[in-house]
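Chemist: how would this look folded up:
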Amino acid sequence: MRFILYLILLTAPSIAVLAQAPDSDIRQLLRVQTDTWNQGNIEGFMQTYWQSDSLVFVGSHGPTYGWKATLERYKKSYPDTAAMGKLDFNILEIRPLEKNLCFVVGKWHLKRSVGDLQGAYTLLIKRIKGQWKIIADHSS
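Modeler: Prediction:
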């Protein structure tokens, strides 16, 4: 019994480090999104998404499938920097579902001269080829 307790105590710090690693990576991905959006760079913003026809974005007009279609949807909805405004995220929860998959819940806010917008989002973020990418986004 002491040996099992010793093993648990010995491995606990490394388990904690593993659990924290996705959290900091996910927060960094969302900082990249915020920074590129606030620079008026939709293409840079979209680099955080999985470049696949299987990407799904769900917004107020329903689902959009595929990376290119999602990019075009963003460009149509936010044609210039005034429409884009300044983005801010409030991350409420990052929940690892498995080693390479996280579920994220948060709120977003756009400060704009043409009127502020805000809402909530849920993301599925997966590590693909060593990089975290958004594979599903539901923003309302």
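Chemist: Strands of the protein, start to end?
Modeler: Listed in chain order, the strands of the chain (DSSP state E) span 56-59, 62-65, 86-98, 101-111, 117-128, 131-139.
Chemist: nearest to T48, of these?
Modeler: For T48, the closest of those is strand 131-139, at 5.7 Å, according to CB to CB. Yep, even glycine has a C-beta here, placed from its N, CA and C like the rest.
Chemist: Report the angle between that closest one and strand 101-111.
Modeler: Interaxial angle, strand 131-139 versus strand 101-111 (axes from the mean of the first three to the mean of the last three CA atoms, to 10 degrees): 60 degrees.
Chemist: related to what we said a few turns ago, for T36, which of the strands of the chain is the nearest?
Modeler: strand 86-98 (9.3 Å).
Chemist: wait, what's in contact with L30?
Modeler: L30 sits next to 48, 89, 91, 104, 106 when contact means CB atoms under 8 Å, 6 or more residues apart in numbering.
Chemist: Of all the strands of the chain, which one comes closest to Q33?
Modeler: Among the strands of the chain, the nearest to Q33 by CB to CB is strand 86-98 (7.5 Å).
Chemist: can you list the contacts of L30 in JSON lines and add pLDDT, neighbour count and distance to F57?
Modeler: Formatted as JSON lines, the contacts of L30 follow (pLDDT from 0 to 100; neighbours: other CB atoms under 10 Å; distance: CB to CB, whole Å):
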{"residue": "T48", "pLDDT": "98", "neighbour count": "20", "distance to F57": "12"}
{"residue": "F89", "pLDDT": "97", "neighbour count": "17", "distance to F57": "16"}
{"residue": "I91", "pLDDT": "97", "neighbour count": "15", "distance to F57": "19"}
{"residue": "V104", "pLDDT": "98", "neighbour count": "22", "distance to F57": "14"}
{"residue": "G106", "pLDDT": "98", "neighbour count": "17", "distance to F57": "15"}
